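Novice: sequence unavailable; structure follows:
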Ligand code: HPA
Ligand code: ZN
């Protein structure tokens, strides 16, 4: 008899809210530190694990940055992306749209950035090598989303988005842009013109909204043209907004495990996943930063069943939503929907 876990693994799933750097486990970090070739700089597992300690959302953002600091060049990024792809394949994720924290990369190394303007292009080429190999060897397709940090300057976000627009011409795997960081420090309105510019360049628009902030932040994100919303945890505090999200079927990238672990939601039981689903919203479940939060997307499906009582039929709907809400071409979406139907 196939168990629920086995069936979930077999169910084709897309992951739409996943930060590359947040997939790096302490074990992979040790592996990355050994790549430098200098024995002295290799980390112990305990040293790596210590970087992942945090108490709240602000602490999480700091821990995330500390892990990005360990990624020094193309070789580290390529291995990190490859380990991520292996983990996705293992869970039965067939397509992922992955945030790269481009804003953090530039902020962390101003000196190196000035000295070596081609560094990011080499890092991206390494990520592309992993992506192409993942598609060929593991059957997992990837799109990249360039993520800026909303509490850094507008100029920094402009650089990230314009780079995405420029590189996209040669690399169609760069599908969109997004904004992460601390919503309590900056909303979406300041990015209106940059979002319009990105859309005009053919980029798709995602946005973290309503994670640590109220429904007004979600309205603001919709107001600047965001097509897909990350977290949207506070939407249920505004009935009219809920109705708008339902009517427009705005895809929501929910991350229950993340929200509980960063303390923005008191418990899994209280997470609105079930209520949003029952209200007819376009919900997807995702892992956000699995190495920090301790749950993969396959775990999230299982917990939707165990904690929120999602039946197989309802889990199938979540999987269908994940492909419908993806930025894949329609024919590809249909191909996956057909496969889910017979799973
Ligand atoms: N929210 C904001 N910033 C982030 C996140 C998130 O979920 N993950 C990585 N950076
Ligand atoms: Zn996120």
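Specialist: Okay, I see it. Here the structure is a predicted model, which means the values were calculated and not measured. Ligands and ions are numbered 1, 2, ... in the order given.
Novice: next one: stretch 14-24 to chain centre, how far?
Specialist: 4 Å (C-alpha atoms, centre = their mean, to the nearest Å).
Novice: count of residues packed around the residue of the stretch 151-300 of the chain found nearest ligand 1?
Specialist: The nearest approach of the stretch 151-300 of the chain to ligand 1 comes at residue 180, 3.3 Å away (C-beta to the nearest ligand atom). Using the backbone N, CA and C atoms, a C-beta is placed for each residue, glycine as well. Residues lying near residue 180 (other C-beta atoms under 10 Å) number 24.
Novice: which residues touch it?
Specialist: 19, 99, 101, 103, 147, 148, 149, 150, 208, 230 (C-beta atoms under 8 Å, 6 or more residues apart in numbering).
Novice: surely the fourth one and residue 151 touch.
Specialist: Going back to what we said before, that points to residue 103. No: using C-beta atoms under 8 Å, residue 103 is not in contact with residue 151, being 9.8 Å away.
Novice: more neighbours: which of the two?
Specialist: Comparing residue 103 with residue 151 by other C-beta under 10 Å, the one with more neighbours is residue 103, at 25 against 15.
Novice: and residue 107, what's its pLDDT?
Specialist: pLDDT recorded at residue 107 is 95.
Novice: doesn't it lie inside a strand?
Specialist: No: secondary structure of residue 107 (DSSP: H, G, I helix; E, B strand; the rest coil): helix, not part of a strand.
Novice: for it, which non-adjacent residue is spatially closest?
Specialist: In this structure, residue 107 finds its nearest non-sequential neighbour in residue 152, 6.0 Å apart by C-beta to C-beta, 6 or more residues apart in numbering.
Novice: that neighbour: how many residues sit nearby?
Specialist: 19.
Novice: from memory it sits against residue 103, does it?
Specialist: Yes: contact criterion C-beta under 8 Å: residue 152 and residue 103 qualify, at 5.8 Å.
Novice: now for residue 103 and residue 151: what residues contact both?
Specialist: In contact with both residue 103 and residue 151: residue 181, using C-beta under 8 Å, 6+ apart.
Novice: so residue 263 sits against residue 56, correct?
Specialist: Yes: between residue 263 and residue 56 there is a contact at 5.1 Å, judged by C-beta under 8 Å.
Novice: tell me which of the two has more neighbours.
Specialist: Shown here are residue 263 and residue 56; by other C-beta under 10 Å, residue 263 has more neighbours (14 against 11).
Novice: for the more buried one, which three-state class applies?
Specialist: coil.
Novice: and for residue 281?
Specialist: coil.
Novice: surely residue 164 and residue 205 touch.
Specialist: No: the pair residue 164 / residue 205 is not scored as a contact, 11.0 Å apart, by C-beta under 8 Å.
Novice: between the two, which one's more packed in?
Specialist: It is residue 164, of residue 164 and residue 205, that has more neighbours when counted by other C-beta under 10 Å, with 26 against 22.
Novice: sec struct for that one, please.
Specialist: helix.
Novice: ok, the residue nearest to it when sequence neighbours are not counted - how many residues close by?
Specialist: Closest residue to residue 164 apart from its sequence neighbours, by C-beta to C-beta, 6+ apart: residue 146 at 4.0 Å. Applying other C-beta under 10 Å, we find 26 residues neighbouring residue 146.
Novice: next up, the contacts around the residue nearest to residue 107.
Specialist: Going by C-beta under 8 Å, 6+ apart, the list of residues near residue 152 reads 103, 107, 181.
Novice: would you say it is within a strand?
Specialist: No: secondary structure assignment (three-state DSSP) places residue 152 in coil, not in a strand.
Novice: ok, back up a step: among the contacts of residue 180, which are in strands?
Specialist: The strands, defined by DSSP state E, take in 19, 99, 147, 148, 149, 208, 230 from these.
Novice: would you list those residues in CSV and tack on distance to residue 50, neighbour count and pLDDT?
Specialist: Below are the ones in strands among the contacts of residue 180 laid out as CSV (distance: C-beta to C-beta, whole Å; neighbours: other C-beta atoms under 10 Å; pLDDT from 0 to 100):
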residue, distance to residue 50, neighbour count, pLDDT
19, 20, 27, 98
99, 24, 25, 98
147, 25, 28, 98
148, 28, 28, 98
149, 24, 23, 98
208, 26, 28, 98
230, 28, 27, 99
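Novice: which members of those residues additionally contact ligand 1?
Specialist: 19, 208 (C-beta under 6 Å from any ligand atom).
Novice: dump the ones in strands among the contacts of residue 180 to TSV, plus distance to residue 224.
Specialist: Converted to TSV, the ones in strands among the contacts of residue 180 look like this (distance: C-beta to C-beta, whole Å):
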residue	distance to residue 224
19	21
99	18
147	16
148	13
149	16
208	13
230	14
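Novice: returning to that earlier point: need the residues touching each of residue 164 and residue 205.
Specialist: By C-beta under 8 Å, 6+ apart, the residues touching both residue 164 and residue 205 are 176, 177, 198.
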